[in-house]
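Undergrad: predicted model follows, preceded by the sequence.
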Amino acid sequence: MIRKIILISLFICSPFVLLAQLTYGTTGLLHAPSAEMQRDKTVLIGGNFLNREITPAGWTYHTYNYFLNVTIFPWLEVAYTATLFQSQHIGIDWKVGKGKFTNQDRYFSFRLRLLKEGQFWKYMPAVVVGTSDPYTESGDGQISSTDGNGYFCRFYVAATKFIPIGKEQIGVHLSWLFNHRNDYPLNGPGVGITWNPSFHTPLRLIAEYDAKDFAVGATYLLFNHLHAQVELQRMKYFTGGLTFVIHLK
């Protein structure tokens, strides 16, 4: 029994850290992007409860998503995310199925690392460009549509730099987000701060502004394979999820 307790303690106190996952199903902060990348050949399978306050205007109800994310190379990440629709969202008679999840919105996300932190200069931040839901099948098919599908469309550039403060390291994350959406417009800066306490590195505390709202939250990596995230958007609306982590290399 004592041996089991020791093994569990070692797992919990493991020095490995998984980077927080966006509700988009990609690497980042809570809902804002960062320039951090997963380890090469990392596979993430997970899902989230999404408070209606964090989703685009089309969702007037709480919903869920699930995703598959693969870091194909150290500099390239691809994710597939599906978000559930209730019946009234797609025009089904409310008497037949209102309040039931009957369909889903699907989209891809891509992240490309341009620079590693400290690559050419010790003070140089990491830089990543990325997009989520860039293309929609609505109409004749569009890039960055204003209406219709493409609910989670966004483009961004993000920079991340870790600053040592005594025994601790504080992550500073800056980004610029943009899209053409009428229902969920983005065109402005995002900023975030992260801290993994040196005395318990599986825990990460996060504060951010995602170009629309402020949020605070935390992530926790358990047994190196189960990643949990909780978020309070506008400091009061709960969103959270779980991700299973597989390292193929």
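TA: Everything's here; your move. Numbers count the residues shown, from 1 in each chain.

Undergrad: strands along this protein, start to end?
TA: Secondary structure of the chain by DSSP state E: the strands cover 42-50, 63-73, 76-86, 101-115, 126-132, 135-136, 142-143, 154-165, 168-178, 187-195, 203-209, 214-222, 226-233, 237-247.

Undergrad: what lines up beside the third one in the sheet?
TA: In other words, strand 76-86. Strand 76-86 has the following strand partners under DSSP bridges: strand 63-73 (antiparallel), strand 101-115 (antiparallel).

Undergrad: among the ones you listed, which comes closest to L50?
TA: Distance to L50, taken as C-beta to C-beta, is lowest for strand 63-73 among the strands paired with strand 76-86, at 5.1 Å. Using the backbone N, CA and C atoms, a C-beta is placed for each residue, glycine as well.

Undergrad: what comes into contact with the closest one?
TA: Strand 63-73 is contacted by residues 21, 23-27, 37-50, 52, 55, 77-86, 101 when judged by C-beta atoms under 8 Å, 6 or more residues apart in numbering.

Undergrad: try stretch 118-128
TA: By C-beta under 8 Å, 6+ apart, stretch 118-128 touches 33-37, 111-117, 157-161, 174.

Undergrad: mind running it again at 7 Å?
TA: Residues outside stretch 118-128 that contact it (C-beta atoms under 7 Å, 6 or more residues apart in numbering): 35-36, 111-117, 157-161.

Undergrad: which of those count as buried?
TA: For the contacts of stretch 118-128, a neighbour count by 16 or more other C-beta atoms under 10 Å gives the buried set as 35-36, 111, 113, 115, 117, 157-161.

Undergrad: now those in JSON lines, with pLDDT and distance to R234?
TA: Shown next, in JSON lines, are the buried ones among the contacts of stretch 118-128 (pLDDT from 0 to 100; distance: C-beta to C-beta, whole Å):
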{"residue": "A35", "pLDDT": "97", "distance to R234": "25"}
{"residue": "E36", "pLDDT": "96", "distance to R234": "24"}
{"residue": "R111", "pLDDT": "97", "distance to R234": "26"}
{"residue": "R113", "pLDDT": "98", "distance to R234": "31"}
{"residue": "L115", "pLDDT": "97", "distance to R234": "33"}
{"residue": "E117", "pLDDT": "95", "distance to R234": "31"}
{"residue": "V157", "pLDDT": "98", "distance to R234": "25"}
{"residue": "A158", "pLDDT": "98", "distance to R234": "22"}
{"residue": "A159", "pLDDT": "98", "distance to R234": "25"}
{"residue": "T160", "pLDDT": "98", "distance to R234": "24"}
{"residue": "K161", "pLDDT": "97", "distance to R234": "27"}
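
Undergrad: which secondary element of the chain has the worst mean pLDDT?
TA: Each helix and strand of the chain was given a mean pLDDT (mean pLDDT, DSSP states H and E); the minimum falls on helix 2-12 at a mean of 38.

Undergrad: need the strands paired with strand 76-86 in a markdown table with distance to H247, can you?
TA: Putting the strands paired with strand 76-86 into a markdown table (distance: least, C-beta to C-beta, whole Å) gives the following:
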| stretch | distance to H247 |
| --- | --- |
| strand 63-73 | 10 |
| strand 101-115 | 18 |
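
Undergrad: what about the nearest residue to A159 once chain neighbours are set aside, distance to L174?
TA: Closest residue in space to A159, ignoring its immediate chain neighbours: P125 at 4.2 Å, by C-beta to C-beta, 6 or more residues apart in numbering. P125 sits 8 Å away from L174, going by C-beta to C-beta, to the nearest Å.

Undergrad: find the residues that touch each one of these two.
TA: Residues within reach of P125 and of L174 at once, by C-beta under 7 Å, 6+ apart, are A159.

Undergrad: and the pLDDT at A57?
TA: Looking at A57, its pLDDT stands at 79.
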